[in-house]
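S.K.: with the sequence up front, the predicted model follows.
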Amino acid sequence: MTATGVKFFSTTAHACSYLQGEQAITLFADPKSRMDQRLYSELSDLGFRRSGNYVYRPHCGHCNACVAVRIPVEYFTPNRQQQRVWKRNQDLTVHLLEPEFCQEHYELYERYINERHSDGDMYPASVEQYRSFLTSDWSDTLFYEFRDAGRVVAIAVCDMLENGLSAVYTFFDPDEAKRSLGAYAILWQIEETRRLGLPSLYLGYWIKNCQKMNYKIAYRPIELLINNEWLTAR
């Protein structure tokens, strides 16, 4: 760990959110540290993620299933299925918004959590949880809003880093399954990262034996953080 001047605290073992029957330990950067874009970027390179004001990463001594991944956008080439998803959604308009509470966005989030993730620890959705999860007091957070003929169908929440964009969370209309909005949001964020002249889109953790997290490995080439070294899988 090379983040200068930052203290870290670990939780006690708790039930893993991704692998049934497993126990997890989470490492947190001291919330009293003066977090800024530089430090957050440095920690992202070490596999940390943001949830609200907290910056964390898995710290399970007995398990290394959670692998931080990022896409080197300069080299990314969509496969045929991803090309079809891209074309299918070209009728959508995208707007960049400030990370402010919007009732329309929250209602979409609530539907998404309640219909897609009712078996997870984010269920049931609430306004307090929505605010405390997606935004923070210090991050440079962006809300990308996707609309179909004026109706919001997806929101991609990103953090601006010195070395890329961090895809914090995407939620979308559960009734629009044919659009593959989750996949499209990643493809769009890859292009946005490239447009901004940044090298990487950080996607959080890939977990081989967790079906809900396995989609990330479909974007190639992808870089995996193994033993604190970013390695490329093609």
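M.R.: In hand now; what should we look at?
S.K.: so where does the closest residue to Glu192 other than its chain neighbours fall, helix or strand?
M.R.: For Glu192, ignoring the flanking residues on the chain, the nearest one in space by CB to CB, 6 or more residues apart in numbering is Leu165 at 6.8 Å. Just so you know, the C-beta spots here come from the backbone N, C-alpha and C atoms, and that holds for glycine as well. For Leu165, the host element (DSSP states H and E) is strand 164-172.
S.K.: that strand pairs with which strands?
M.R.: The strands that strand 164-172 pairs with in its sheet are strand 151-161 (antiparallel), strand 200-206 (parallel) (by DSSP bridges).
S.K.: just the CA trace of the next helix or strand after that strand, in PDB.
M.R.: Later in the chain than strand 164-172, the nearest helix or strand by DSSP H and E is helix 181-195. Extracted as PDB, the C-alpha positions of helix 181-195 are listed here (Å, rounded to 0.1, in the frame of the first residue of the first chain):
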ATOM      1  CA  LEU A 181     -29.000  -0.800 -21.300                       C
ATOM      2  CA  GLY A 182     -26.400  -2.000 -18.900                       C
ATOM      3  CA  ALA A 183     -24.100  -3.100 -21.700                       C
ATOM      4  CA  TYR A 184     -24.800   0.100 -23.700                       C
ATOM      5  CA  ALA A 185     -24.000   2.300 -20.700                       C
ATOM      6  CA  ILE A 186     -20.600   0.700 -20.400                       C
ATOM      7  CA  LEU A 187     -19.900   1.100 -24.200                       C
ATOM      8  CA  TRP A 188     -21.000   4.700 -23.900                       C
ATOM      9  CA  GLN A 189     -18.700   5.300 -21.000                       C
ATOM     10  CA  ILE A 190     -15.800   3.800 -22.800                       C
ATOM     11  CA  GLU A 191     -16.400   6.300 -25.700                       C
ATOM     12  CA  GLU A 192     -16.800   9.100 -23.200                       C
ATOM     13  CA  THR A 193     -13.500   8.200 -21.500                       C
ATOM     14  CA  ARG A 194     -11.800   8.100 -24.800                       C
ATOM     15  CA  ARG A 195     -13.400  11.500 -25.800                       C
END
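S.K.: mean confidence score for helix 181-195?
M.R.: For helix 181-195, the mean per-residue pLDDT is 98.
S.K.: which neighbouring elements make contact with that helix?
M.R.: Contacts defined by 3 or more CB pairs under 8 Å, 6 or more residues apart in numbering; DSSP states H and E place helix 181-195 against helix 80-88, strand 141-148, strand 151-161, strand 164-172, strand 200-206.
S.K.: domains of the chain?
M.R.: Listed domain ranges for the chain are 8-65, 69-233 (source: automatic domain parsing).
S.K.: tell me the span between the first and last residue of the shortest one.
M.R.: Domain 8-65 has an end-to-end distance of 21 Å (criterion: CA to CA, to the nearest Å).
S.K.: just the longest one next, same as before
M.R.: The straight-line separation of the ends of domain 69-233 (CA to CA) is 10 Å.
S.K.: so how far is the least confident helix or strand in the chain by mean pLDDT off the chain centroid?
M.R.: One helix or strand of the chain scores below all others by mean pLDDT, DSSP states H and E: strand 14-15, with a mean of 92. Centroid displacement of strand 14-15 relative to its chain, using CA atoms, centre = their mean, to the nearest Å, is 21 Å.
S.K.: so who does the closest residue to Thr135 other than its chain neighbours touch?
M.R.: Distances taken as CB to CB, 6+ apart put Pro99 closest to Thr135, at 4.7 Å, once the chain neighbours are dropped. Shown in contact with Pro99 (CB atoms under 8 Å, 6 or more residues apart in numbering): Leu134, Thr135, Thr141, Leu142, Phe143, Val157.
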